[in-house]
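Student: Compute the structure for the input listed below.
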Amino acid sequence: MKLKKLLLFMMLSALLVIAVACGSGDDSNDTGTDSTGGSDSETEEDAAGGDAEGQLVLSGSSAIQPLMAAGAEEFMGLNAGADIQVQAGGSGQGLSQVADGSVDIGNSDVFAEEKEEIPADELVDHRVAVVGMGPAVHPGVGVEDVTSEELIDIFTGEVTNWSELGGEDVDITLVNRPDSSGTRATFVNYALGGAEPAEGITEDSSNTVKQIISETEGAIGYLAFSYYNDDTVLPLKLDGVEQTDENVTTGEYPVWAYMHSYTNGEPEGLAKTFLDYMMSDDVQQVIVPELGYIPSTDMQVERDAEGNQTDVQ
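Tutor: Residues are numbered from 1 along each chain as shown. The predicted structure is shown next:
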């Protein structure tokens, strides 16, 4: 009897060992699956490279500067060894400097082909976003909507007082960007029909343009949507169409441009890693709209360097 009990005990013990071993194998497999699943679902750090290091210098359009600065800040937070400097100066400067190799990335809100002095065939275009832009005025002018013809008359000096358009009896002060500005080129092409603005105040930076408009009674200039983040300036409707992302994506509002980041040849090393990060969902679907830009993938229309606009196929 004792022998039978001993044999039964030994059999039960053996079964218990087998069960525990099988259970341990299952737990190990589950842990491995979780780890693998984590790597399949790419995190921000994975998208940014995590261990990227080195220095990049970016210059160019002030319209794109807030986006590139925010992207650079996030990227450097994920990559302690990376140092990215984002400078303004206008699209022309950015294109010239990336072409001559003095910066790594040239930011522009015009195509390189639009600048005759730029060797566009040597540059590679990375369209990191779309920006809408339009006329912005001091909130006290008494006008909220203008026609295309009225806007041209304002900027060519044919209309000099807001009372001529039903507004306050205040002289109009024009605030322009310099000839090298991509924002100016886009505004002239798609808001003014190619008409050159009359003389006025000229400033290199969109930040300064916004400040002057907000502080100068009767002032009007032009800004990217990303600068409409408070009520210090008033964006004018154009032909009754509001300056909104949706109206840009559908093509109803015509004053918009791609945000180009150009490299001299195909990007390599840190430049490639950073630009890949700028096209990741973490940037395109979060930072881009938060800062007032439009992801390129949201566009229902597209535009070429000649200004031809067509529906996205």
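
Student: in this structure, which spans are helices?
Tutor: Along the chain, the segments classed as helices by DSSP state H run 2-40, 44-48, 65-78, 91-100, 148-155, 182-190, 206-215, 245-249, 269-278, 281-282, 288-290.

Student: was I right about Ile287 contacting Ala72?
Tutor: No - between Ile287 and Ala72 there is no contact, the gap being 10.7 Å when judged by CB atoms under 8 Å. Placement of C-beta: from N, CA and C, glycine included.

Student: tell me the contacts of Ile212?
Tutor: Counting by CB atoms under 8 Å, 6 or more residues apart in numbering, Ile212 touches Val175, Ile201, Glu203, Ala219, Gly221.

Student: and if we set it to 6 Å?
Tutor: For Ile212, the contacting residues are Val175, by CB atoms under 6 Å, 6 or more residues apart in numbering.

Student: which secondary element of the chain has the worst mean pLDDT?
Tutor: Within the chain, no helix or strand scores below helix 2-40, which has a mean of 37 by mean pLDDT, DSSP states H and E.

Student: burial of the closest residue to Lys115 other than its chain neighbours, as a residue count?
Tutor: When the adjacent residues along the chain are set aside, Lys115 lies closest to Leu95, with 5.6 Å between them (CB to CB, 6 or more residues apart in numbering). One way to gauge burial is a neighbour count; for Leu95, by other CB atoms under 10 Å, it gives 30.

Student: The one 3 residues further on too?
Tutor: If you count neighbours by other CB under 10 Å, Val98 ends up with 28.

Student: In contact with the nearest residue in space to it that is not next to it in sequence, which residues?
Tutor: In space, not counting the residues next to it along the chain, Val98 is nearest to Gly106; the distance is 3.0 Å by CB to CB, 6+ apart. Residues touching Gly106, when contacts are defined by CB under 6 Å, 6+ apart, comprise Gly60, Gly94, Leu95, Gln97, Val98, Tyr262.

Student: ok, what's across the strand from Gly106?
Tutor: In this structure, Gly106 has beta-bridge partners Ser59, Tyr262, where bridges are defined by DSSP bridges.

Student: Can you check the pLDDT for it?
Tutor: The predicted local confidence for Gly106 comes out at a pLDDT of 98.

Student: Can you pull out the low-pLDDT segments for the protein?
Tutor: In the predicted model of the chain, residues 1-49 satisfy pLDDT under 70.

Student: Which strand runs longest in it?
Tutor: The strand of greatest length in the chain, counted in residues with DSSP state E as the criterion, is given as strand 123-137.

Student: In that one, which residues are buried?
Tutor: Neighbour-count burial for strand 123-137, with 16 or more other CB atoms under 10 Å as criterion, is recorded at 123, 126-137.

Student: helices or strands up against it?
Tutor: Helices and strands in packing contact with strand 123-137 are listed as strand 219-224, strand 234-235, strand 256-264; criterion 3 or more CB pairs under 6 Å, 6 or more residues apart in numbering; DSSP states H and E.

Student: That strand vs helix 65-78, what angle?
Tutor: Comparing the axes of strand 123-137 and helix 65-78 via axes from the mean of the first three to the mean of the last three CA atoms, to 10 degrees yields an angle of 130 degrees.

Student: Run through who's touching strand 123-137.
Tutor: The contact list for strand 123-137 (CB under 6 Å, 6+ apart) reads 63, 112, 213, 220-225, 233-236, 243, 248, 255-263, 266, 275, 278, 288, 293-294, 296, 299.

Student: now that strand against strand 219-224, angle please.
Tutor: The directions of strand 123-137 and strand 219-224 differ by 150 degrees, with the same axes, to 10 degrees as the criterion.

Student: quick one: the closest residue in space to Ile201 that isn't next to it in sequence and Phe155, what's the gap?
Tutor: When the adjacent residues along the chain are set aside, Ile201 lies closest to Val175, with 4.8 Å between them (CB to CB, 6+ apart). Spatial separation of Val175 from Phe155 under the definition CB to CB, to the nearest Å is 10 Å.
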